[in-house]
Structures are given as structure tokens and as C-alpha cells.
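Asks: Build me a structure from this.
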Amino acid sequence: MHIYRTYFPDPPGGLQEAIRQIALATGMQGVANTIFTLSPQPDPNILLRPEARIVRSRSWIAPASCDIGGVAAFKAFADLAREVDVLHYLFPWPFSDVLDTVTRPDTPAVLTYVSDVVRQRWLGAAYAPMMWHTLRKMRVIVANSPAYARTSPILSHPDIRDKVRLIPLGIEESSYPRVGDEAIFDRIGIEVDEPYFLFVGVLRYYKGIHFLVQAAKGLGAKVVIAGSGPEGARLQALGTEMGADNVVFAGQVTDEEKVALLKRCRALVLPSHLRSEAFGMVLVEAALFARPLISCEIGTGTSYINKHEETGFVVEPESPKDLALAMNTLLLDERLAAHMGAAARLRYEKLFSGVALGQAYAGLFREIAN
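Replies: Numbers count the residues shown, from 1 in each chain. Presented below is the predicted three-dimensional model:
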């Protein structure tokens, strides 16, 4: 059973997609998956999706993006924990630590450590005792990239570092639409064969999208920003203020629209400048479609997916100038863009495919269950 604070069909994000992919990939290896989550509208409370059975309790409040449930969540969690062979926690979600501490399940447990607590330092300080109790209890702690395991002060701590194993996140290719929805291009005003750069994701503070908007000023191509989120209005105001009329805000897109955008973009740009961007699943998505990548060096999994000057460019964070230079290089050299895109696809097949993901996690779950 995978345990995280939100899941589809509630508003999507990279970690929800990562859980979906783990469930799909391990399901192909014979693992039966349940996902326990909270939702502000958990009606119905059980959903059957291709990847898993989804069991939802009500999210009553979500301070600092930490969904908190009520008494029903504790009962549902305890009942499910007795049914399954392995508990798989996705970190951080402090309420899951509370669930585990209160219900004290006997089921073997592992944890995927997605991100340090970066922004909510007051929460991190209050949460630390419970966090360490949870981490010490885990049989295995999974890191998704070598860089994060090395640079995280938590994962490198002597108390737990011997428990840490590397399993990169990945994508099962068959889970994505084969054909994109080309109507998206008419909607956002992109002509046939017109080069453009693409950002896809939730518009959050740590994504560095304001640096991308600044970098777009003077770029000889459009920059498409696909997604919605709390920073949306501020980013659109910034684009207007700067006169960056080549920045196109596409809003929330469907999976089919996202595939169409990924297939035709000159490169995928992920300008995240803070360690809250622990992995960057959208980079794997772009690599699947053989697109070159532009990301920032923040000491996390983004630079594990995107190998500098092989699959794309890794630039300094918070630098519109460096982002613009990387984009202009790929804009002016179409052969280089194609070469880097092909290299990104090869790296996807080797490290981030559904087969690699499913075998690694299914093997871990079977080991822990026995």
C-alpha cells in the first residue's frame, strides 16, 4: 500500500504521477497495489483505477501543503495496514507519521524519501522528532538519485545512511497516450513547424518560472507554460510587465494535449531553483519523447536525469541569462537539439523505463515482505 497525502483525480502533480508509475510498473511484475490518500471530496471513498485501488479519507485541513485527516482516516489506515504485505510511505507527509505512530501497524514498511523539508523550516523543526522515529523504523529508505542521497543532510546522516538504496523514478511508456491532441496548437497560437520551448507543471514558488519568463524576453521563439497553480496570476502579471509577449500561458492541459506539446517542442525547460524540486518527473516525460532538456544545478535528481551537454544543458539556478543562452543554442542548432533529444531517449530506456522501475520496486517489496 502506497501512502501519500493526495492522489488522482484531485489536482495532479509530479509525485502523484510518480506513485501512479510505481503502481503501474510493479503491477506488471505481479504486485497488487492499493493507494491510501486524503481528499477534500472523497466521494466515492474507493476508486478502481488501472494502476491501483484508491482508498480515500477526508482531508479536513491542509496547512503548509500538509493534508490532515480525521478519526476516519486512522480507522481506514489501520484496517488497510492489516490487509497488505508491505507499507510504502512517500516522504514528506507528516500526517502519515502520525498515522503510523498512533496505529502502530506490524506490517513491514519502506519509505521513498522524495524531498527534504525545504521551505517550512518551522514545521521541519517541530516535525523532526517524529520524522526521525519514522525513518529509524523503516526497513529500507529509497532515494531517487545519487545526488540527493549525497547532499541531503537527512539521507547522509549516520543513523540511517546504511538503509538508503537508489531506485530512480520512471515512466511506463504504455501508460501515456500514443496520439497527442493537436488542437492545442490552434488554441495557443502555435503554427505548424514553429519552434517553441515548453514548461509543464504546477506553477509553484520553487519552479523558477519567473526566471524563465525573464529569459524569454528577446528569445526568437515562443515559450509555452502549461499548467496551473498558486503562482499563475503573478507570472502572467510579470510577463505583461516585462513585455514578454512571446510567453504563452496554456493553462491546465489534458494528457493528450501534453503529449502533443512534448512531441513538438524544441526543448523542455525546467527552471526550478530550489531543492523542493527533488527529481523532476517532467524531465523523464520529455526524455521519453526524445526531447532535449534544460534544467538547473540544484543538487537533486534533475541533474541525474539531464546529463549536462549530453541530454541537454544544466545551467546555474536563478539565472535568466544562462537559461536564455541554453535556449538560444538549441534554437539556432536544430541538429544539436535532435542529437541531445536522442541521447535523452537512450538514457530514459536505460535508467527510467517502466521495466527498470517495476523490477526495482517489485524486488524491494518482495524482499521486505519475506
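Asks: Name the helix or strand for residue 214, please.
Replies: Here residue 214 sits within helix 209-216, counting by DSSP states H and E.
Asks: Going C-terminal from that helix, what's the next secondary structure element?
Replies: Using DSSP H and E, the first helix or strand after helix 209-216 is strand 222-226.
Asks: What lies in contact with that next one?
Replies: Residues outside strand 222-226 that contact it (CB atoms under 8 Å, 6 or more residues apart in numbering) are 188, 190, 194, 196-201, 203, 209, 212-213, 215-216, 235, 244, 246-253, 257-258, 261, 265, 269, 327. All C-beta atoms are positioned from the backbone trio N, CA, C, and that covers glycine.
Asks: Same question for stretch 335-353.
Replies: 168-173, 266-267, 284, 286-293, 305-307, 310-312, 329-330, 356.
Asks: any low-confidence regions in the chain?
Replies: Applying pLDDT under 70 to the chain picks out residues 12, 118-124.
Asks: tell me the contacts of the most far-flung residue of it relative to its centre?
Replies: Distance to the chain centre peaks in the chain at residue 243, reaching 30.9 Å (criterion: CA atoms, centre = their mean). Shown in contact with residue 243 (CB under 8 Å, 6+ apart): residue 217.
Asks: Go through the contacts of strand 222-226 and flag which are in strands.
Replies: 196, 197, 198, 199, 200, 247, 248, 249, 250, 251, 269 (DSSP state E).
Asks: Please identify which of those is nearest to residue 114.
Replies: Closest to residue 114 out of these is residue 200 (18.8 Å), distances taken as CB to CB.
Asks: What distance do you get for the nearest residue to the closest one once chain neighbours are set aside to residue 129?
Replies: Computed as CB to CB, 6 or more residues apart in numbering, the closest residue to residue 200 that is not its neighbour in sequence is residue 226, at 4.7 Å. Per CB to CB, to the nearest Å, residue 226 is found 40 Å from residue 129.
Asks: quick one, which of those two is more surrounded?
Replies: residue 226 (23 against 10; other CB atoms under 10 Å).
Asks: Can you name the residues bridging to the more buried one?
Replies: residue 200, residue 251 (DSSP bridges).
Asks: do residue 2 as well
Replies: Beta bridges link residue 2 to residue 35, residue 88, judged by DSSP bridges.
Asks: quick one, domains of the chain?
Replies: Using automatic domain parsing, the domain parsing of the chain gives 2-172+353-369, 175-352.
Asks: and among these, the most buried is which?
Replies: domain 175-352 (a mean of 19; mean count of other CB atoms under 10 Å).
Asks: Any idea how far it is from the middle of the chain?
Replies: 14 Å (CA atoms, centre = their mean, to the nearest Å).
Asks: end to end, how far does that domain reach?
Replies: In domain 175-352, first residue to last residue: 14 Å (CA to CA, to the nearest Å).
Asks: Pull up the distance across stretch 40-59, start to finish.
Replies: End-to-end for stretch 40-59, by CA to CA: 5 Å.
Asks: Could you do stretch 46-65 as well?
Replies: 23 Å.
Asks: contact partners of that stretch?
Replies: Applying CB under 8 Å, 6+ apart, the contact partners of stretch 46-65 are 2, 5-9, 20, 23-24, 27, 33-40, 42, 45, 67-70, 72-73, 76-77, 80, 120, 123, 175.
Asks: Next: stretch 147-160.
Replies: With contact meaning CB under 8 Å, 6+ apart, stretch 147-160 is reached by 113, 116, 131-132, 135-136, 138, 141, 143, 161, 164, 166, 278-279, 299-301, 303-304.
Asks: Let's see which of those residues end up in helices.
Replies: 131, 132, 135, 136, 303, 304 (DSSP state H).
Asks: Mind putting these into a markdown table with distance to residue 154?
Replies: What follows is these, written out as a markdown table (distance: CB to CB, whole Å):
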| residue | distance to residue 154 |
| --- | --- |
| 131 | 8 |
| 132 | 9 |
| 135 | 7 |
| 136 | 12 |
| 303 | 19 |
| 304 | 18 |
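Asks: Between all of those residues, which two are separated the most?
Replies: 136 and 303 (29.4 Å).
Asks: Next, residue 63: phi, psi?
Replies: Per-residue torsions, residue 63: phi -70, psi 140 (degrees, to the nearest 10).
Asks: Could you check how far it is from residue 333?
Replies: In terms of CB to CB, residue 63 sits 48 Å off from residue 333.
Asks: contacting residues for the nearest residue to residue 352 once chain neighbours are set aside?
Replies: Of all residues not flanking residue 352 in the chain, residue 170 sits nearest, at 4.0 Å (CB to CB, 6+ apart). Taking CB under 8 Å, 6+ apart, we find residue 170 in contact with 21, 25, 284, 348, 351, 352, 353, 354, 356, 357.
Asks: my guess is the last one meets residue 28, correct?
Replies: To tie it back to what came earlier, the one meant is residue 357. No. Using CB atoms under 8 Å, residue 357 is not in contact with residue 28, being 9.7 Å away.
Asks: Tell me the residues that contact both of these two, please.
Replies: residue 172.
Asks: hey, where'd the helices end up in the stretch 201-350 of the chain?
Replies: Ranges of helices in the stretch 201-350 of the chain, per DSSP state H, counting those that start in this stretch, are 209-216, 232-242, 255-264, 281-288, 302-305, 320-332, 334-347.
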